[in-house]
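Q: Attaching a predicted model along with its sequence, questions to come.
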Amino acid sequence: MKWAKLLVLLCSMIGGLSVSAMQVEPDPRMIISSMDRSVSPELDILRVTADVSPDNRLVFEVKTRGERIDGIDGGGDDYLLLQILHEKAYVLFIPVSKKKGGRVLIYEGSLQAESQTLPKVLTVSTEPSLQAGSDVRHIFRGAEFTVPVDWIDFGGDFSFDAYTVKASIQGNTLIVGDVYDQARKGRAGEKRFSAITLLNKICTPRGLRSAQ
């Protein structure tokens, strides 16, 4: 629980500070993605945001341009993925179709230095705290992904991205096929930032809730 306590302390301290300087660097809490009308609305990612919940979980909200109409659009193997780069590449996913359920599983793959590429083959994560403390759920035009704050190493680098893909599950393996859209599409050169930088930005007075 030490990181949860640190989170509360830092938010209390940072929340009392004024923000006076213009931010030149991209906001690590948010990815704004360009509209792509070449893909279906439910596969077109528009925005990804990060915030912290009252119960000390890191919450990622992925919004799409539309929703899938079950029975009309098809695409039973289409998924919305959240990728977290944090020493390894971690993937949380949910079917694009709201009628297709399943238990929450987190997959992991090897991470190459400075690589932002989504691995094509991942296996079920062996980290019990991450599996037990994470969640995925559908929201209107998108999905919400949560991971426990205690799992994060705030001394390490951290980055996140979202994808819509065609994928298949074979035993303990997730195989990623076609990629329809990526939130950071066209910005592959962006570097990962420190996890504490993300925390600091979330805790500033101009957090996402007040900005929206």
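A: Okay, I see it.

Q: need the helices for this protein, in chain order.
A: For the chain, the helices defined by DSSP state H occupy 2-15, 128-133, 195-202, 208-211.

Q: tell me how far the second one is from the chain's mean position?
A: Relative to the mean C-alpha coordinate of its chain, helix 128-133 is positioned 16 Å out (Cα atoms, centre = their mean, to the nearest Å).

Q: Lowest average confidence across the helices of the chain, which one?
A: Note on the helices of the chain: lowest mean pLDDT is at helix 208-211, with a mean of 43.

Q: relative orientation of the longest strand anywhere in the chain and helix 195-202 in degrees?
A: Ranked by residue count under DSSP state E, the longest strand found in the chain is strand 157-170. Counting by axes from the mean of the first three to the mean of the last three Cα atoms, to 10 degrees, strand 157-170 points 100 degrees away from the direction of helix 195-202.

Q: Quick check: buried residues in strand 157-170?
A: Going by neighbour count (16 or more other Cβ atoms under 10 Å), the buried part of strand 157-170 is Asp157, Phe158, Ser159, Phe160, Asp161, Ala162, Tyr163, Thr164, Val165, Lys166, Ala167. For glycine as for every other residue, the C-beta is placed from the backbone atoms N, C-alpha and C.

Q: same deal with stretch 32-44?
A: Ser33, Asp36, Ser40, Pro41, Glu42, Leu43, Asp44.

Q: quick one: contacts for the residue nearest to Gly66 when sequence neighbours are not counted?
A: Leaving aside its sequence neighbours, Gly66 sits nearest to Pro41 (Cβ to Cβ, 6 or more residues apart in numbering; 2.5 Å). Neighbouring residues of Pro41 by Cβ atoms under 8 Å, 6 or more residues apart in numbering: Thr64, Arg65, Gly66, Glu67.

Q: Repeat that for Val104.
A: Leu92, Gln131, Ser134, Asp135, Val136.

Q: circling back to that earlier point, Provide the strand pairings for the longest strand of the chain, with the direction of each partner.
A: With DSSP bridges as the test, strand 157-170 is paired with strand 78-86 (antiparallel), strand 173-182 (antiparallel), strand 193-194 (antiparallel).

Q: got the contact list for the shortest one?
A: Applying Cβ under 8 Å, 6+ apart, the external contacts of strand 193-194 come out as Pro28, Phe154, Gly155, Gly156, Asp157, Phe158, Ser159.

Q: okay, among these, which ones form the most distant pair?
A: Spatial extent of those (Cβ to Cβ) is set by the pair Pro28 and Gly155 at 15.9 Å.
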